[in-house]
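Visitor: build me a structure from this.
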Amino acid sequence: MNKAQLHLVKSIEKARKLNASGKLGRVLAKIIKLKNRVLYACDVGITAEIPIDCVFHHSGLGVVIGNDVQIGNRCQLYSNIVIGSKDTHGHSGANPVIGRDVIIGAGSIILGEITIGNNSIIAAGSVVLHDVPDNVMVAGNPAEIKRYIK
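Guide: Residues are numbered from 1 along each chain as shown. The predicted model follows:
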């Protein structure tokens, strides 16, 4: 992980913690979110749970992650991905839960109250609208299981 990727992940975590610390913290969290949009061209919801060991390839360029999305440890996120609610305003609370060690390819879209299993791969350009089990690779629009990973 390079310095820019590490800085991005740390600032996301800092914004989430500040958001939970009161009115001034929420204001500071929004400033950090805005800074991330300007510096990294990514928009990550303040309440998204993203561990520090996740890797944002290309420094998170074009990544959009909604509020309340949960991402597991050691995930790899490539550029121009969208992870969030199917609701047009993103306030339904129905956001994806991403397991551990998941690779999400460039241009992928993951929407709705779904679960992505551990050790899975979401191929580039996939549109995932349903649960994905552990240890599989999915691809396509809509995404379908293409192979099982041992």
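Visitor: isn't residue 117 up against residue 133?
Guide: Yes. A contact is recorded between residue 117 and residue 133 when judged using C-beta atoms under 8 Å, the distance being 4.7 Å. Glycine gets a C-beta too; all of them are placed from N, C-alpha and C.
Visitor: quick check, residue 32 in a helix?
Guide: Yes. When the secondary structure is assigned by DSSP: H, G, I helix; E, B strand; the rest coil, residue 32 falls within a helix.
Visitor: measure it to residue 46 for me?
Guide: Relative to residue 46, residue 32 is positioned 8 Å away (C-beta to C-beta, to the nearest Å).
Visitor: which neighbours do those two share?
Guide: Counting by C-beta atoms under 8 Å, 6 or more residues apart in numbering, the contacts common to residue 32 and residue 46 are residue 15.
Visitor: CA atoms of stretch 103-116 as PDB?
Guide: What follows is the C-alpha trace of stretch 103-116 in PDB, where atoms were taken according to Å, rounded to 0.1, in the frame of the first residue of the first chain:
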ATOM      1  CA  ILE A 103     -11.400  -8.200  -4.800                       C
ATOM      2  CA  ILE A 104     -13.800  -5.700  -6.500                       C
ATOM      3  CA  GLY A 105     -12.800  -5.100 -10.100                       C
ATOM      4  CA  ALA A 106     -12.800  -1.700 -11.800                       C
ATOM      5  CA  GLY A 107     -16.200  -0.300 -12.800                       C
ATOM      6  CA  SER A 108     -18.200  -2.800 -10.700                       C
ATOM      7  CA  ILE A 109     -21.500  -1.800  -9.100                       C
ATOM      8  CA  ILE A 110     -22.700  -3.500  -5.900                       C
ATOM      9  CA  LEU A 111     -26.200  -2.400  -4.800                       C
ATOM     10  CA  GLY A 112     -28.800  -3.200  -2.200                       C
ATOM     11  CA  GLU A 113     -29.100  -5.200   1.000                       C
ATOM     12  CA  ILE A 114     -26.800  -8.000  -0.100                       C
ATOM     13  CA  THR A 115     -23.800  -9.900   1.300                       C
ATOM     14  CA  ILE A 116     -20.600 -10.600  -0.700                       C
END
